[in-house]
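Colleague: okay, sequence plus prediction incoming.
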Amino acid sequence: MDSAILNKTPERAAGSASNYSSKKSGLPGMNERIQKLRKLSVETEPSLDIERALIETAFYKENYGKYSIPVLRALNFMEICQKKTIYIGEGELIVGERGPKPKCVPTFPELTCHSVEDLNVLNTRELQRYTISQEDIDTYEREVIPYWEGRTMRERIFSHVPKEWQAAYEAGLFTEFMEQRAPGHTALDGKIYQKGLLDFKKDIQAHIDRLDFMNDPEATDKLEELKAMAISCDAAIVFSERHADLAEELAEKETSPKRAAELRKIAEVCRWVPAHAPRTFHEAIQMYWWMHLGTITELNGWDAMNPGHFDQHLEPFYYKQLDEGTLSRDEAKELLCCFWIKVNNQPAPPKVGITAKESGTYNDFTNLNIGGVRRDGSDGTSEVSYIMLEIIEDLHILQPGSAIHISSRTPERFLKAGCKVIRQGHGYPSVFNPDTYIMELVRQGKSLDDAREGGCSGCIEVGAFGKEAYILTGYLNVPKVLEVTLNNGIDPVTGKVAGIATGDPRDFKSYDELYEAFLKQLNFIVDQKIRVSNYIDRMFAKYAPAPLLSVLMDDCIKKGRDYYDAGPRYNTNYIQCTGLGTVTDSLSTLKKHVFEAKTFSMDTILDAVACNFEGEEILRQTILNNTPFFGNDSEYADTIAVQIYDDLLAAIDGKPNTKGETFHLNMLSTTCHVYFGKVMGATPNGRLAGKSISDGTSPSHGCDTHGPSAVIRSLTKLDQTKSGGTLLNQRFLPSLLKRDEDIAKLAKLIRTYFAMGGHHIQFNIVDTATLLAAQACPEDYKDLLVRMAGYSDYFNDMNADLQQEVIDRTENESF
Amino acid sequence: MSLIFDIKKYAINDGPGIRITLFFKGCPLSCVWCHNPESINSQAQKMYTASKCIGAVKCIEVCPHDALTLTPDGIKTDVERCTLCGKCAEVCPTKAIEMSGREYTTPELMRIIERETVFFDQSDGGVTFSGGEPLMHHRKLIELLDRCGERDIHRVVDTTFFAKTDLVLEVAKRTELFLVDLKAWNSDVHRKYTGVPNAQILNNIRALAENGSDFIIRIPFIQGVNADEETLQNEAEFLASLPWHRKEVNLLPYHDIAKGKHQKLGNSYEPGELAPPSDDDLELAQQIFAAHGIRATVGG
């Protein structure tokens, strides 16, 4: 048979915009305005803004103790909205920046205060650099740092943690999100397109009027919270009015009549929203943008903010104006491009306590949900969805992230259009399955309607948009739990106690005995994690409420409670478990070779692991090549994976949180699998010390050797509806998607995974040669966007470890 | 004995939809360019990948016939002594030595095929029997085709058609679609590059068309063999003369991917004058077929 005298794999040309782009030249962007705005956004180096910290520090010095905490926070937000430098850039149609200019990110010293050393490292490190002037560093040292010393949320959290937690945390058994940033993890629903902030204020007043101080012992607390919400509405309106003033001022001075008219239009829009409900497509986008900026200015919640089903929210405005003849398709697309670039202008706030080597990402995980279903369960796609896909392909910028949501009701045309964008190799969009995540949400107790209105934000986590606080509390390093178990409670990397003693594995007589010990260790670690998470939740509820976010989240106004204090209709805490592939493969190795085939003894493997397989390459290769691994549709390995997954679920799901609800399981990793790998020695599956562990629910890197259908069969043996999200990365070479027929088959692969209950899948369409070339010559590959572990990043911005990981991932090259 | 040398899932180039492809070992042809050289011999073969070898020499220790030695270039096999018992492959920790070709029972193969059913259902895919030459293993092939038919699994047979016409028609009763190779038009050229003449192949193609069976013609498209205008004209005329509804040709541009596998088998690979076709060659071919009402696509 000659079928494999196949089309030669097309080498992805260096520096070409995309794999199959028809546009061969020119800057990305639909017109000159968008090209310029994009260029500015992409080329501006991220910087740090100290203005917010200065305003806040002065405000706290003057006012701390004079008001209730919620009112203090709202007034602090008002102070920032009144005083911060505002910006309207050349050619902009959508306005507003978090900092004084694009790509400039403020600090939040009330939560975590950067030290002078932190600022110096951020200013000088090679990757994910944030520039800051010496003058600003000096001012920060003088004005900001002394006041916050000992007062930050981070210090207060760390001063209260038990030593068992500290030991596990330092060993890298888990991370804690809220030691760096506030809980956010949410997305908005459609209410801000029907109501302005003045309408919300009326609701707030109505609930203040209804407070029953004689019979409700919490009435005073509720009053303070509601007052704070009203103040935060005023603050957001003030902020918009200031932009209207500036736009008018600029219009006066503007020499181009066309631009002057645009500036007057901006002023008109900013006078109307967010005070009132938007009337036009333009106002609707600006409305969202004010809410986005407001919520990421009052606090620095994780995952920025997210408009949720933005295409569905904008659709009525689009068709209405299209029918009226007041908006063309191109004008709508241009406004959306402006929005896209605005999101890209907001890099993630950098961490504190960092080292020069450690790097994160500029991505702040605003992840748009495109397509999906509506509240009534019908298909959610519209022309706006297709416009969004075009923009993803045109602009290919880091932020916002985007995902297509493919339910059984989604038209094939939309899925194929999405697959064509995937083929370009920019890493976006990822693909989600509403049919599964709606079941996940309903299982967690959401109403069916609220579940349908939900979706995925940030990475792959699922929530009821506009109605839920679904807090990611941190990652759990599941392979490390096994490592500690194999060392009877000690972290072999540091020699310190990290867990509990569960017995010397050399004495275990059976696999069951080993697994029992692992489970015991797992439950101990999870309980430590939950204990401190609950404590931190209360810290935020008491000391760092988020009044503006609370206005936007049902039923905070009705309950008179903050977003952090059980105000939302639903309140979930997630623990994100990482490394299912690595831990499954390690247990499979021990089960098969130590307890069943007796290829080698526990002694032998533990000694080999302890010395990082040095001098034991034959043993290591025997393991790598002769063990059933997860992701190959092998019953042996998959049974182990299912057992671990079910036991993670049992350890986490249903544990009480502070809001009368419960913790749930999540299976995402973002980039944390790289950090977790670094704090680990070698593992029994042949993985060497320091190498990253497997991500999300993906197979171990390079260990899925039977193609994507086998991976999918393995993954769907997990009952994914019981999690709050799973994550599957699949790397494809461009040659797999060369013909339109290949696109159709990729679409069918996705449909099959989803028909079988898959939650999420994403594709890296790259080739190794391109990646190696990009490592060798980064300047030539600035556009190389790579999808990994639930987010997208530029290859050049990743550190060497992350780059290596992308290269190591199995290539599903088909011959 | 019918050996299978590979089973490929998410096969997207071997017929409609998402498929599973089973490769039979053994072929009556020995095409110079064959990219699966291990498919030609119907016996199990040893394949050695020097780059994977870490010199563990477990193979040497275990070989009952002292056929193996470690050299600076890796493990060398004395073919005179080697009985292809496969013990070396069993103990090789890196799978540098692998045996190509394994016997499967029909139920075993059916279980493997059936695991992919959900992908077939979603994509209108199915199973493809390839090789080697599946018709060389007609007993096993027909049994598998019947089992698949009972389960409503779409069946494709990818064949050289170097077989008796009776057999072709027997297989056609239980096959939804054939992928038939047309490697060269001139029989001497065909013999030169594949080792066999092509009269029987052309007869079978005609018989299949007259039988009303569905098939796609696949042309391994190679400069120096079949990319010239005269060949293409003749092929197009022949195909246009058939009572053939589908009228679809896949041009599979040649490349030397086979080289790696030849090395593993310990063969040398001398493609000689063979060369990949140019874009112009491909365009010309498409035009010629189109002029005869036949749609020619590049890639399969």
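Modeller: Received the coordinates, thanks.

Colleague: helices or strands up against the helix or strand where A:Glu164 lies?
Modeller: When elements are defined using DSSP states H and E, A:Glu164 is found to belong to helix A:163-171. For helix A:163-171, the packing partners by 3 or more CB pairs under 8 Å, 6 or more residues apart in numbering or on different chains; DSSP states H and E come out as helix A:511-543. Every residue, glycine included, has its C-beta placed from N, CA and C.

Colleague: low-confidence ranges in chain A?
Modeller: A:1-25, A:354-359, A:735, A:770, A:774, A:777-815 (pLDDT under 70).

Colleague: tell me the domain ranges of it?
Modeller: Following automatic domain parsing, chain A resolves into domains at A:24-108+A:114-148+A:188-296, A:161-180+A:467-697+A:713-718.

Colleague: most packed of those?
Modeller: The highest average neighbour count among the domains of chain A, using mean count of other CB atoms under 10 Å in any protein chain shown, belongs to domain A:161-180+A:467-697+A:713-718 at a mean of 22.

Colleague: what's the spacing between that one and its chain's center?
Modeller: Taking the mean C-alpha point of domain A:161-180+A:467-697+A:713-718 and that of its whole chain, the gap between them comes to 19 Å (CA atoms, centre = their mean, to the nearest Å).

Colleague: go on, stretch A:126-136?
Modeller: The chain centre lies 24 Å from the centre of stretch A:126-136; the measure is CA atoms, centre = their mean.

Colleague: and it, end to end?
Modeller: Stretch A:126-136 has an end-to-end distance of 20 Å (CA to CA, to the nearest Å).

Colleague: repeat that for stretch A:392-402.
Modeller: 8 Å.

Colleague: and if you look at stretch A:561-580?
Modeller: Chord length of stretch A:561-580, first to last residue, is 38 Å (CA to CA).

Colleague: same check, this time on stretch A:548-556
Modeller: The distance separating the two terminal residues of stretch A:548-556, taken as CA to CA, comes to 10 Å.

Colleague: ok, back up a step: got the contact list for the helix holding A:Glu164?
Modeller: Contacts made with helix A:163-171 from outside it, assessed by CB atoms under 8 Å, 6 or more residues apart in numbering or on different chains, are listed as A:161, A:174-176, A:480, A:484, A:491, A:493-494, A:496-499, A:525, A:528-529, A:531-532, A:679.

Colleague: and the gap between the residue in the stretch 301-450 of chain A that chain B sits nearest to and A:Lys748?
Modeller: When distances are taken as CB to the nearest CB, the stretch 301-450 of chain A approaches chain B most closely through A:Ser408, which lies 11.0 Å from it. According to CB to CB, to the nearest Å, A:Ser408 stands 13 Å off from A:Lys748.

Colleague: that older thread, JSON lines for the domains of chain A, including distance to B:Ser268?
Modeller: Formatted as JSON lines, the entries for the domains of chain A read as follows, by distance: least, CB to CB, whole Å:
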{"stretch": "domain A:24-108+A:114-148+A:188-296", "distance to B:Ser268": "42"}
{"stretch": "domain A:161-180+A:467-697+A:713-718", "distance to B:Ser268": "28"}
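
Colleague: any stretches of the stretch 101-250 of chain B with poor pLDDT?
Modeller: Filtered on pLDDT under 70, the stretch 101-250 of chain B yields no residues whatsoever.

Colleague: tell me the contacts of the residue in it positioned nearest to chain A?
Modeller: Scanning the stretch 101-250 of chain B for proximity to chain A using CB to the nearest CB identifies B:Ser123 as nearest, at 3.5 Å. The neighbours of B:Ser123, taking CB under 8 Å, 6+ apart as the test, are A:Lys745, A:Lys748, A:Leu749, A:Arg751, A:Thr752, B:Gly17, B:Ile18.
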